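In: Please work out how this folds:
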Amino acid sequence: MRRLAALAVTVLLAACQTTEAPHPVAAIPAIERPRAMAVRDDAVKTQVARRVADLGRAYRSVTVEAWGGRVLLMGAVIKPEQRRKAEQTARAAEGVTEVLNELVLAEDKALDAFTADPAREGAARRALGIEGSAGTIVRVINGVAFLLGATPTPDAAAAMKADATEVEGVKWVVSHLRASP
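Out: Just a heads-up that it's a prediction; the model follows:
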């Protein structure tokens, strides 16, 4: 009888507990690029990525993104000279207005760890409420989330960075979001 009473109390307590519903994602307004700008950025990205890859095997872990003429270099190389050479190569490409060099140094055998993580990128995009491809660029490489794009205000950029830090598996966030009038 005691067991039955204890079981009934346990069931009743469990039924009374509420589970917190997931918070709806409040999309932070990002500035969308016009299609023509997105196409130009894709061409710049392809051109820079090809030129960097042509520099040799030591550049195999370099990822390139472009937004509004700004080129973001992410990943790793082995030597400081390679980091500078990748930046010079990107800067020389047509249509590049600024190079954001976030390349780190790593040993050759560790370079393969510096590849994009599509699963975490998807989680970050969902956490930021980002849909489509014309807005903010999100890349996650070796646990680091990189944000590139524009927001309406500096507060929106800070909020996006803070939200990206909450994504599981993201160690830190490097934000290259600009407030655009």
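
In: I'd like to know how far residue 54 sits from residue 88.
Out: Distance, residue 54 to residue 88, by Cβ to Cβ, to the nearest Å: 13 Å. C-beta here means a position set from N, CA and C on the backbone, and glycine is covered the same way.

In: swap that for residue 116, sorry
Out: Distance from residue 116 to residue 88, by Cβ to Cβ: 23 Å.

In: can you check residue 105 too?
Out: In terms of Cβ to Cβ, residue 105 sits 17 Å off from residue 88.

In: swap in residue 167?
Out: 33 Å.

In: Comparing the two, which residue is more hemmed in?
Out: Neighbours per residue (other Cβ atoms under 10 Å) separate residue 167 from residue 88, with residue 167 holding more: 20 against 11.

In: so residue 139 touches residue 145, yeah?
Out: Yes. When contacts are counted by Cβ atoms under 8 Å, residue 139 is listed as touching residue 145 (7.4 Å).

In: Have a look at those two and say which one is more surrounded.
Out: Relative neighbour count places residue 145 above the other of residue 139 and residue 145, with 26 against 23, counting by other Cβ under 10 Å.

In: show me what contacts residue 78?
Out: By Cβ atoms under 8 Å, 6 or more residues apart in numbering, residue 78 lies in contact with 58, 105-108, 111.

In: I'd like to know how many residues surround residue 122.
Out: Neighbours of residue 122 using other Cβ under 10 Å come to 13.

In: make that residue 164, sorry
Out: Residue 164: 24 neighbours (other Cβ under 10 Å).
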